[in-house]
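*Asks:* Build me a structure from this.
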Amino acid sequence: QEQLVQSGGGLVQPGGSLRLSCTASGFNLDNTAIGWFRQAPEKKREGISYIRIGDGGTFYRDSVKGRFTISRDNASNTVYLQMNDLKLEDTAVYYCAIDIRGGIGGMGAHEYDYWGQGTQVTVSS
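*Replies:* Model (predicted):
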């Protein structure tokens with residue numbers, strides 16, 4: 001069964017760190033891309049980072065550059081999002097997604113085919 005299962009998230013103080021995981025099952029990850037998105041209350045879902053599994057290329061939204069790092073573990077079919085120096089405005093539900101058709105990824109939700117279940121990240125003092 002094709003699915004993405006997320007873990008991680010939680011409550012952290014400003015300046016803290018969290019790591020999100022996204023494990024893919026039922027997919028051949030060759031020539032795919034996996035992205036991370038987030039959606040805050042009453043806001044649109046926005047892409048924040050993605051990785052092209054084939055060549056390892058990584059991309060970030062400007063607001064998270066230098067603070068977030070996306071990486072992959074091929075052996076476990078898992079993509080991670082390490083989030084450092086978290087800010088209040090990072091509070092959102094975070095989703096991972098996989099692009100299996102084009103394998104290119106991007107910051108647009110329409111470019112992805114399957115989604116994880118979402119996980120809450122709350123940054124609060």
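*Asks:* Show me what the residue positioned nearest the centre of the chain is bridged to.
*Replies:* The C-alpha lying nearest the average C-alpha coordinate of the chain belongs to Trp36 (CA atoms, centre = their mean; 2.3 Å). Taking DSSP bridges, one obtains Ser49, Cys96 as the residues bridged to Trp36.
*Asks:* That one: what's it in contact with?
*Replies:* The neighbours of Trp36, taking CB atoms under 8 Å, 6 or more residues apart in numbering as the test, are 20, 22, 47-50, 70, 79, 81, 94-97. The way it works is simple: take the backbone N, C-alpha and C, and place the C-beta from them, glycine included.
*Asks:* Same check on Ile34?
*Replies:* Contacts here follow CB under 8 Å, 6+ apart; on that basis Ile34 touches 22, 24, 50-51, 53, 72, 79, 96-99, 105.
*Asks:* and what of Asn31?
*Replies:* With contacts defined as CB under 8 Å, 6+ apart, Asn31 is in contact with 53-54, 103.
*Asks:* Asp85 too?
*Replies:* With contact set as CB under 8 Å, 6+ apart, Asp85 has these partners: 15, 17, 67.
*Asks:* wait, which of these is closest to Phe59?
*Replies:* Each of these was scored against Phe59 by CB to CB, and Arg67 proved nearest at 14.5 Å.
*Asks:* contacting residues around that closest one?
*Replies:* Under the criterion of CB under 8 Å, 6+ apart, the contact list for Arg67 reads 83-86.
*Asks:* Please repeat the previous calculation with a cut-off of 6 Å.
*Replies:* Contact criterion CB atoms under 6 Å, 6 or more residues apart in numbering gives 84-85 as the residues in contact with Arg67.
*Asks:* where does it fall, phi/psi-wise?
*Replies:* Dihedral pair for Arg67: phi -110, psi -40, per degrees, to the nearest 10.
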